[in-house]
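Colleague: Mind looking at a prediction? Sequence and model below.
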Amino acid sequence: MINQAHPQGKGESVNRIRILDPQVAAKIAAGEVIIRPAAAVKELVENALDAGARTITVVVEEGGRRLIRVVDDGCGMTPEEVPLSLTRHATSKLAAEIDLLGISTLGFRGEALPSIAAVSRLTLTSCPPEAKGGFRVVARAGEILSASPWAAPPGTQVEVAELFFNTPARQKFLKSPVAEQAQIVSSLRHLALGYPQVHFTLSTPRRTLLAAPAAGTLVERVAAVLSPELAANMLPLSFSQGAWEVTGLVTEPEFTLASARFQVLLVNGRVVADRILGAVLREVYAGLLPRGRHPGAVVHLRVPPEAVDVNVHPAKTEIRFHESGKVYPRLLAALRQALGPLHGESPQYRVTWQPEAPPRAAESPLPGLFPSREPSRGAAVPPAGAFTERVPAPGPVFHPGPRSFRFQDLAVLGTLDKTYILAQGPDGLILIDQHAAHERVLYEALKARGPAAAAQTLLFPRVVEVNPGQADWVRANLDQLAQAGLALEPFGGASFIITAAPAALAHADLEAVVAEAVETLAPSKSFTRPQEVREAALQVMACRGAVKAGEVLAPEAIAALLVQLDEIPVSSHCPHGRPLWRLMSYQEIRQSFRR
C-alpha cells in the first residue's frame, strides 16, 4: 500500500498524497541546479560560451548574494526567444531524444535560467548581432513582470539580484560573502582554463578579481588565472589515440603544492569533478614528491560526444564514461610521456641524463652495490672519464638542446661529512646524497623485479612482534606485504614469523624493517588500497636497506653506485621525493669568490 496514513493523536492522519504547488516545485528544482551564487555564475557563463561569446564580463556584489551581472558578446536571442528562455526545459541545444547521445554543448537541459529566475529578481536583455534593437524581460520569483523592446548592444546581459530572497532556508546555508566570492573566482578560473581563446573578467564594485585576456597558449592562460610561477614550472602534455586526445600541462616534479586544488580536469571543454585525474597523478608522481605535497595539472580530455554521458547530474559537474576502462590508461600514458626521462620517454626537459641505450632495471641483477662498506686499503679513486657533454642544472629547467652526463663518467673527488659524494663535472661541483641515491637504486630494483624474484626464503626465520593494535592490520595485509617481497606468517597474538625478504635486505635488521613498515602503514588512512600498501612497503624496505648517512664508502663502492644510477629509469629523486643530487655551478662558485 502506497503512503499509508499513520495515526497521530485521536485518529488523525498525515502524509496524504497531493500535487505540489508549482512555485514550491520550481524552488525545489532550482535548488538542485543553483545551490550557491557560484553555481548561478557557472550556468550563466556556460550559456555565454555556448552562444559563441569571445568576451565575458562578470560583476558580483556581496559574494553574488546581492548582485550577479554577466555580459557577453555572443549570438544573442530574438524578441520571441527572450521570454521563452525563462520557461523550464526551453533549450536551443536539443531537438530529439537522439541528441542526448552526442551532447557537445555545456548547457542543454533548459533549466539554468528558469531555476535562477525562480529564486531571484532577474533582468534579461539580449540582442542578436544583426538586429536593430534588443529585448528585455524582468522577472521576480519566476514570474515575468515586464517584457519590452530595449536598446542593447549585440549579445546578452543577465542581472541576478537578491539571490535566494524567497528561499530563506537556502540563504541560511550560504557562507560568508568572502567565502562565496572565492567559490565564484574558483569556478570562473576553471572555465577560463577550458577556453583560453575567450576574454574573461570578474570584478566587484571595488576591485578586479580576475582578468584573463584571450590567450594564444594554455601556458599564458594558466599564468593569468592561476599563477605565473605555476605556469613557469609546467610541462606540456600531448597524447592522442584514435578519437581520444589528451592535452594540457603538468607541473615539474620539483615544483610542489600544498594542496590538490590546482588539479583541473576538463572533458570536451566541461569542467568535471572526477577522482580519476587525482588517481592518475598519484601513480605517475609516486616516489617523486615529498609526502603531503601535490602536483598541479590542467588536463583537457577530448573524446567522442557519444563516449560520455553528461546527463547524470542536475548541475552537470559529474559525468559517466561509457568505456571508463579506457580513460585511466590514456591519461596515464599522456602524463608519463610528458614527464619524459622520469618514465623512460623522450623528454621535454631533463633532470638527469639517461644513457643512450640503458638496460632496464628489470633486466639488471638485484644490486649488490657495496662489496665493502669500509674503505679498502690502497684503493684508488677511479680516473676521471672523458667529458664530452655538458651537465644540466638539477631541477626542472628547460634547455634549448640536450645537455647530459653520465654519473659513472664524473671525476669523484671524495666525500663530505661521510654523507655526500663530491664529483667534478663540466658545469661545476656535483653533490650526491649517498643514502638517497642507494635508496632509489634499491627501490627501482625491488619494484622492477617483482615479488617472485625479489624475495628470498630465510634459512633461519625470524620472529617479530608488532604493536597489538596493529596486528589486525598486518594480518589483513599479509598478501600485499608479500607482493612487496616481505613474507610474514602469523605466530600467535601480535607475533609474526618473517619467512622471506628481498635479497637487498640480507644485511639489514629485518625486525626493524617490519616494525617500521607496520608503524608507517598501519595508523594511516591513506594506505587503504593494495597498490598503495605495496608501494609504501617498497619505500620502507629501500630506505632500510640503503647505505646510511655517516657510513664510509670505499671508492669502488662509490663507483658501483654511480654505475647503478645510470642504469635505472629515475635518478633524480629518492622514493620519498627528495632530490638525490645537486649542482654547484662554476659561475656560482666564481661569484662567491668575486672573480
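Modeller: Right, received. Where do you want to start?

Colleague: For the stretch 101-250 of the chain, which segments count as helices?
Modeller: Shown for the stretch 101-250 of the chain, the helices assigned by DSSP state H, counting those that start in this stretch span residues 112-118, 168-172, 177-194, 218-225, 228-232.

Colleague: Identify the residues contacting stretch 494-502?
Modeller: 366, 446, 454-458, 461-468, 470-471, 474, 482, 485-491, 510-511, 513-514, 541, 545 (C-beta atoms under 8 Å, 6 or more residues apart in numbering). C-beta coordinates here come from the backbone N, C-alpha and C atoms, glycine included.

Colleague: Derive a ChimeraX selection command for the buried subset of those residues.
Modeller: Selecting only the buried entries of those in ChimeraX, with 16 or more other C-beta atoms under 10 Å as the criterion:
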select :366,446,454,455,456,461,464,466,470,471,474,482,485,486,487,488,510,513,514,541,545
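
Colleague: So for the strand ranked longest in the chain, mean pLDDT?
Modeller: Assignment by DSSP state E gives strand 455-465 as the longest strand of the chain. Strand 455-465 shows a mean pLDDT of 81.

Colleague: which secondary structure elements does that strand contact?
Modeller: Contacting strand 455-465 under the criterion 3 or more C-beta pairs under 8 Å, 6 or more residues apart in numbering; DSSP states H and E are the following elements: strand 487-490, strand 495-502, helix 510-521.

Colleague: Could I get the full set of strands for the stretch 351-500 of the chain?
Modeller: For the stretch 351-500 of the chain, the strands defined by DSSP state E, counting those that start in this stretch cover 411-416, 420-425, 428-433, 455-465, 487-490, 495-502.

Colleague: Dump these into JSON lines; add distance to residue 162 as well.
Modeller: Written out in JSON lines, the entries for the strands of the stretch 351-500 of the chain read as follows (distance: least, C-beta to C-beta, whole Å):
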{"stretch": "strand 411-416", "distance to residue 162": "68"}
{"stretch": "strand 420-425", "distance to residue 162": "65"}
{"stretch": "strand 428-433", "distance to residue 162": "61"}
{"stretch": "strand 455-465", "distance to residue 162": "67"}
{"stretch": "strand 487-490", "distance to residue 162": "65"}
{"stretch": "strand 495-502", "distance to residue 162": "66"}
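
Colleague: Comparing these, which yields the minimum mean pLDDT?
Modeller: By mean pLDDT, the lowest-scoring of the strands of the stretch 351-500 of the chain turns out to be strand 455-465, with a mean of 81.

Colleague: Paired strands for that one, with orientation please.
Modeller: Note on strand 455-465: by DSSP bridges, its sheet partners are strand 495-502 (antiparallel).

Colleague: quick one on the thing from earlier: please work out which of the helices of the stretch 101-250 of the chain is packed deepest.
Modeller: Compared across those, helix 112-118 shows the largest average neighbour count, a mean of 26 (mean count of other C-beta atoms under 10 Å).

Colleague: mind exporting that one as CSV, just the C-alpha atoms?
Modeller: As requested, C-alpha coordinates have been extracted for helix 112-118 and formatted as CSV (Å, rounded to 0.1, in the frame of the first residue of the first chain):
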residue,chain,number,x,y,z
ALA,A,112,19.5,27.3,-15.7
LEU,A,113,17.7,30.5,-16.5
PRO,A,114,14.3,29.4,-15.1
SER,A,115,16.0,28.0,-12.0
ILE,A,116,17.8,31.2,-11.4
ALA,A,117,14.7,33.3,-12.1
ALA,A,118,12.7,31.2,-9.6
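
Colleague: Return the distance of it from the chain's centre.
Modeller: Between the centre of helix 112-118 and the centre of its host chain there is 33 Å, according to C-alpha atoms, centre = their mean, to the nearest Å.
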